[in-house]
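[1] Starting from these lines, generate the structure:
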Amino acid sequence: MSALSSRSEGVALRPFTGLAALETFLHDQVVLEVSSNTGSHTVPERGWLGLAPSDIEKLGLQIRIQNPDGLKAAVDPVVMDLADVGLVLVAMDRKGSVLRENQILASIPLNELKESISISEPGADAPTRILANRHSGFRIELALVQMRDVDGENSIRPRRKGALIALAHWEVKPVSDGDMFQPEELTEEIRGNLNLSASTWMYFDSKPEILSATMFSDAASYYIDKDILDQIQILTGSQKTLAEMLVYSPAITQMIYEFSLSLRETAENIDQEELGESQIFRILRVKFKTKNDAEIVDLVREEPARAVAEFLANPRDLKKLMEALKEMNGGVNELSDFED
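    I've put the predicted structure just below:
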């Protein structure tokens, strides 16, 4: 078993000199490219992609390093010798999987690295069961590893074979129609393009096709501050629950209000067939499952505030919220426990 497989057992990155710059490079310059039945997707490092379960089994997957020489330059100050460093690519079951297996997909000397690492071709059988897991999805990790022992006592550079120098990761997970929108990173460049203030941390940008687009990315863009997204990725437990509610609730509110505005502006010219097949309407249909399409249209168009309240009125989410609050407040049992 490769030393890399122990990553899931809690191996920590050592504080090697130059590590911060290397991790920044991996986050900014290395992406997962996914080809599916819904089109092509570029997933940023530490990001995830949600797909319908039926679309996961035969994906096209490749890792793209936008500047291989830049990666080598970023690794060089961290290690004793670039020739001793390898890149190892691993497929892993996500935490929700029963099996929790992992498998090495590729092991490449860093000096031989090209711009892309092909994992699987679209429509072809996945190279491992893990990458075809439609029930819980999968995780891909890219690790930079010390490939041989080096003599000496330099404690600020890796010397032992198998030492983990830096890590990048991505996830693909199955989602329902109601979960198919994902935030994009709100960077300084995007703030400038959208004429947003420097303190803006989230923004919902609807597009003209919001009533008809069959993919959320064609209907709207939902941006969250890059640093906030990075922090959410490393949270666990109750903190992660509360953070996700914090960033998704405003998105849901704005999505419904923008959809309501478009319904009112379009009035009698709505193409009912296009509307019924649009991604956002499918999301609304999943959430308002007791209503027919006409009732959903009336609710969202005429009473968007009530639509938001009903959309968010999910007993499962309320239970998770209460559990998170109880954990963070020392174990209270009822809403009344918060009262004076």
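[2] beta partners of Met92?
    Asn102, Arg139 (DSSP bridges).
[3] For the helix or strand where Leu242 lies, buried residues please.
    Following DSSP states H and E, one finds Leu242 within helix 237-266. Buried positions in helix 237-266, judged by neighbour count with 16 or more other CB atoms under 10 Å: 238, 241-243, 247-248, 251-260, 262-263. (C-beta placed from N, C-alpha, C; glycine too.)
[4] Leaving out sequence neighbours, find the closest residue to Glu274.
    Leaving aside its sequence neighbours, Glu274 sits nearest to Ser212 (CB to CB, 6 or more residues apart in numbering; 4.2 Å).
[5] Enumerate every residue touching the one you found.
    Shown here is Ser212, whose contacts under the criterion CB atoms under 8 Å, 6 or more residues apart in numbering are 271, 274-275, 277-278.
[6] Could I have the buried ones of those residues as ChimeraX selection syntax?
    The ChimeraX command for the buried members of the contacts of Ser212 (criterion: 16+ other CB under 10 Å) is given here:
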select :275,278
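[7] wait, which of the contacts of Ser212 is closest to Lys58?
    Glu277 (23.8 Å; CB to CB).
[8] what sits against Val85?
    By CB under 8 Å, 6+ apart, the residues touching Val85 are 75, 79, 109-110, 144-147, 165.
[9] would JSON lines of those with neighbour count be doable?
    Shown next, in JSON lines, are the contacts of Val85 (neighbours: other CB atoms under 10 Å):
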{"residue": "Val75", "neighbour count": "21"}
{"residue": "Val79", "neighbour count": "23"}
{"residue": "Pro109", "neighbour count": "13"}
{"residue": "Leu110", "neighbour count": "21"}
{"residue": "Leu144", "neighbour count": "24"}
{"residue": "Val145", "neighbour count": "23"}
{"residue": "Gln146", "neighbour count": "22"}
{"residue": "Met147", "neighbour count": "17"}
{"residue": "Ile165", "neighbour count": "23"}
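[10] where's the dip in pLDDT among those residues?
    The pLDDT minimum for the contacts of Val85 sits at Val79, where the score is 86.
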